[in-house]
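**Student:** can you look at this prediction? I've put the sequence above it.
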Amino acid sequence: MYSRLLNLASASLAEKEFKQEKSVFWEESNRLASVWKPCAYTKGPTTNLENSGRSNGYMLVSANGGLNQQRVAICNAVAVASLLNATLVLPRFLYSNVWKDPSQFGDIYQEDYFMNTLKDEVSIVKELPSHLKSLDIEAIGSLITDADIMKEAKPFDYSRKVLPLLLRNGVVHFLGFGNRLGFDPLPLNIQKLRCRCNFHALKFVPKIQQVGSLLIGRIRKYEGTRSLVDKQLLGNFMPDIPLKNHNATVGPSRYLALHMRFEVDMVAYSLCDFGGGETERKELQAYREVHFPLLLERLKISKPISPVKLRKLGRCPLTPEEAALVLAGLSLRRGTYIYMAGSQIYGGESKMHPFTSLYPNVVTKETLLTPSELAPFKNFSSQVFFKFLFYFFFLNLS
């Protein structure tokens, strides 16, 4: 599709390397970034829990979406619970027909650590008290869906619409809860609480830490500097083998962590055309019928947008071919190691070939870990996704 552009990109990158031109790809665009300090534990306004020893009621959250959305939902739930002075029940994850993973909070994160870290800001329990478990939450009017609170709702909207229900019924249940209370402007203390949840309270369970330690060791090959977040990520499973040829002044080796996100669910949901002809159209339509029936219902009552217009509007996920051109446009050197997170690329190796022809040093979880090391996570894509995507992400902070 872009063979001529790929050839031009390859020639351009080769010329730059031959001339030893300096790449600005790794330069920090904001000169003040090196002096930024984490805000999570700086002093600020007191939270609702500090102002009142009594909770207004219990708050349930059932998070949907992909794994990243669920992680965000956890921290937004903490923020909303603080805002409403509610006792948060550990969030649950709705089962996804795409990921097919029954994992819940305790399968991925350490529950007690999470609760203890946030205990001074938000009251958190593992389950509802017995007298509330038998309640029909929908019947009493305490079920809150995406239709009740819009995605961009401000703190005032929660106080006006949700707090009265909480005070009246003693419990509310947010069903779906995608991207809630995640839009500016937010009170500084709420934003700090979200950061504290995201970067301090969420700690992986030991089995993920253990395999993550093995993974990080193989990525670094004990030749780069350790990251400041290693202890938070790996806990007691930090590698204790001395670093070989360690020189802290050199800094970590440079690499790129990439989640291509050109997977069948994203491709099908986008409604875009990726050049696969009638076979592709039939395959993606069949996938939508199984996994996205609500999307198809909406399409029946709305005016369709052509795939050509969707692409012009920038609503189509980048193909591996297009991603390679973007990286080449940013002058990423051909020899850079690229750690690929996520699951199977739609179209398989043939679809990835244009990418790997331009950037051959692509590493996946399957090339870093043996089948036996991956076996415990075989049927738990959520745990695999978190382990590989976010370890890669945090490593970029090193």
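**Tutor:** That came through, no problem.

**Student:** tell me how many other residues crowd residue 83.
**Tutor:** By other C-beta atoms under 10 Å, the residues close to residue 83 number 23. Where C-beta positions appear, they are placed from N, C-alpha and C, glycine not excepted.

**Student:** which parts of the stretch 201-350 of the chain are helices?
**Tutor:** Listed in chain order, the helices of the stretch 201-350 of the chain (DSSP state H, counting those that start in this stretch) span 206-220, 230-234, 264-270, 277-291, 293-300, 307-312, 320-329, 348-358.

**Student:** what's the closest of those helices to residue 161?
**Tutor:** Closest to residue 161 of the helices of the stretch 201-350 of the chain is helix 293-300 (C-beta to C-beta; 24.1 Å).

**Student:** before we move on, back to that, of all the helices of the stretch 201-350 of the chain, which lies closest to residue 187?
**Tutor:** helix 230-234 (25.7 Å).

**Student:** the protein: strands as residue ranges?
**Tutor:** With strands called from DSSP state E, the chain shows them at 58-63, 87-89, 92-93, 124-125, 143-144, 171-176, 255-259, 337-341, 362-363.

**Student:** can I get the ones you listed in TSV with mean neighbour count and mean pLDDT?
**Tutor:** Putting the strands of the chain into TSV (neighbours: other C-beta atoms under 10 Å; pLDDT from 0 to 100) gives the following:
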stretch	mean neighbour count	mean pLDDT
strand 58-63	23	93
strand 87-89	21	96
strand 92-93	18	90
strand 124-125	18	96
strand 143-144	20	92
strand 171-176	22	92
strand 255-259	18	86
strand 337-341	21	86
strand 362-363	16	88
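
**Student:** figure out which of those strands is closest to residue 309.
**Tutor:** Of the strands of the chain, nearest to residue 309 by C-beta to C-beta is strand 255-259, at 26.3 Å.

**Student:** domains in this protein, by residue range?
**Tutor:** Annotated domains of the chain cover 58-201, 264-307 [the TED database].

**Student:** need the winner for burial among these.
**Tutor:** domain 58-201 (a mean of 18; mean count of other C-beta atoms under 10 Å).

**Student:** how far out from the middle of the chain is that domain?
**Tutor:** How far domain 58-201 lies from its chain's middle: 17 Å, per C-alpha atoms, centre = their mean, to the nearest Å.

**Student:** what do you get for stretch 353-364?
**Tutor:** Using C-alpha atoms, centre = their mean, the offset of stretch 353-364 from its chain centre is 23 Å.

**Student:** can I get it in PDB, CA atoms only?
**Tutor:** This file holds the C-alpha atoms of stretch 353-364, laid out as PDB (Å, rounded to 0.1, in the frame of the first residue of the first chain):
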ATOM      1  CA  HIS A 353       6.400  -7.500   7.300                       C
ATOM      2  CA  PRO A 354       6.500  -3.800   6.100                       C
ATOM      3  CA  PHE A 355       7.200  -2.800   9.700                       C
ATOM      4  CA  THR A 356       9.900  -5.400  10.500                       C
ATOM      5  CA  SER A 357      11.500  -4.700   7.100                       C
ATOM      6  CA  LEU A 358      12.100  -1.100   8.200                       C
ATOM      7  CA  TYR A 359      12.700  -1.900  11.900                       C
ATOM      8  CA  PRO A 360      14.000  -5.500  12.300                       C
ATOM      9  CA  ASN A 361      14.700  -5.500  16.000                       C
ATOM     10  CA  VAL A 362      11.100  -6.200  17.200                       C
ATOM     11  CA  VAL A 363      10.800  -8.100  20.500                       C
ATOM     12  CA  THR A 364       7.600  -9.600  21.800                       C
END
